[in-house]
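Trainee: Provided below are the primary sequence and the corresponding predicted coordinates.
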Amino acid sequence: MTRIEGRTYRDEILILRDEIEGEHKEPEGTDFAEWGENFFRPGFDIHRLVIAIGAEDIVVGSLTWHEVWYGPTTGSRAWNIGIGLAPIARGRGIGSTAQRMLAQHLFDTTDVDRVEASTDVANEPEQRALERAGFTREGVIRQAQQRADGQHDLYGYSILRSDFE
Ligand SMILES: CC(C)(COP(=O)(O)OP(=O)(O)OC[C@H]1O[C@@H](n2cnc3c(N)ncnc32)[C@H](O)[C@@H]1OP(=O)(O)O)[C@@H](O)C(=O)NCCC(=O)NCCS
């Protein structure tokens, strides 16, 4: 059972926790996530926590992460994270705080030294949120992501265990 509590820079209570069965819906109006008929490819192993706010524990979005490998050695593993927030929850410091909390949690509970995220080159809110969360932009990942309307360029970001030390 995972439950992590923190506070945004606006001092809102922020909780990352397991989803209670039947409770979660994908936030409405999520841009850059129109996956089309290929959502999700078979065998895609993805982890998820919901993002809830306040003493009332209201779910406003979710975080996901999956494994990526850069070579055959055990030290070549990283986590790639993703996020979606309901429109009402955006622009309040929730996205940046939640992504930093998840990176910290993954460094605390697994042996990876790298957590990465990628976002569309047009997704300025997520670029800003990742930068505020302490991620470093590494460059353009060309035509990497297929969505319903075709292939898209992404910016790649990462945060390292050593960035927290
Ligand atoms: C992208 C997203 C997760 C960002 O989370 P958020 O809670 O809105 O972001 P924050 O409030 O933490 O803001 C972080 C920074 O982004 C900026 N920002 C937030 N919304 C913005 C917007 N619409 N336009 C420009 N900048 C924006 C904030 O001003 C802040 O900048 P600062 O550090 O210079 O003050 C959220 O907006 C969202 O869920 N969007 C839709 C789904 C999505 O795009 N997910 C990512 C797919 S890769």
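Mentor: Perfect, I can see it now. This is a predicted model, so every value here is computed, not measured.
Trainee: so which elements touch the particular helix or strand that has R137 in it?
Mentor: Per DSSP states H and E: R137 is located in strand 136-147. Strand 136-147 sits against strand 114-120, helix 124-132, strand 150-160, with contacts defined as 3 or more Cβ pairs under 8 Å, 6 or more residues apart in numbering; DSSP states H and E. Where you see a C-beta, it was placed from the backbone N, CA and C, and this is true even at glycine.
Trainee: just for the chain, where's the confidence low?
Mentor: The chain contains residues with pLDDT under 70 at 24-31, 38-40.
Trainee: in it, which residue sits nearest the ligand?
Mentor: G95 (1.9 Å; Cβ to the nearest ligand atom).
Trainee: any chance of the helices and strands packed on strand 136-147 in JSON lines, with mean neighbour count and distance to L49 too?
Mentor: Listed next are the helices and strands packed on strand 136-147 as JSON lines, based on neighbours: other Cβ atoms under 10 Å; distance: least, Cβ to Cβ, whole Å:
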{"stretch": "strand 114-120", "mean neighbour count": "23", "distance to L49": "14"}
{"stretch": "helix 124-132", "mean neighbour count": "18", "distance to L49": "17"}
{"stretch": "strand 150-160", "mean neighbour count": "17", "distance to L49": "17"}
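Trainee: of all these, which one is nearest F44?
Mentor: Closest to F44 of the helices and strands packed on strand 136-147, according to Cβ to Cβ: strand 114-120, at 15.3 Å.
Trainee: what strands line up against that closest one, and which way round?
Mentor: Sheet pairing of strand 114-120 (DSSP bridges) gives strand 77-85 (parallel), strand 150-160 (antiparallel).
Trainee: so what's H152 up against?
Mentor: D120, V121, Q143, A144, Q145, Q146 (Cβ atoms under 8 Å, 6 or more residues apart in numbering).
Trainee: so how many other residues sit close to the third one?
Mentor: Counted with other Cβ atoms under 10 Å, the neighbours of Q143 add up to 11.
Trainee: can we start the residue count at 635 from this point?
Mentor: OK, 635 is where the count begins now, so the last one is Q777.
Trainee: could you pick out the longest helix of this protein?
Mentor: For the chain, the helix with the greatest residue count under DSSP state H is helix 728-743.
Trainee: report the distance from that helix to the chain centre.
Mentor: Centroid separation between helix 728-743 and its chain, computed with Cα atoms, centre = their mean, to the nearest Å, is 9 Å.
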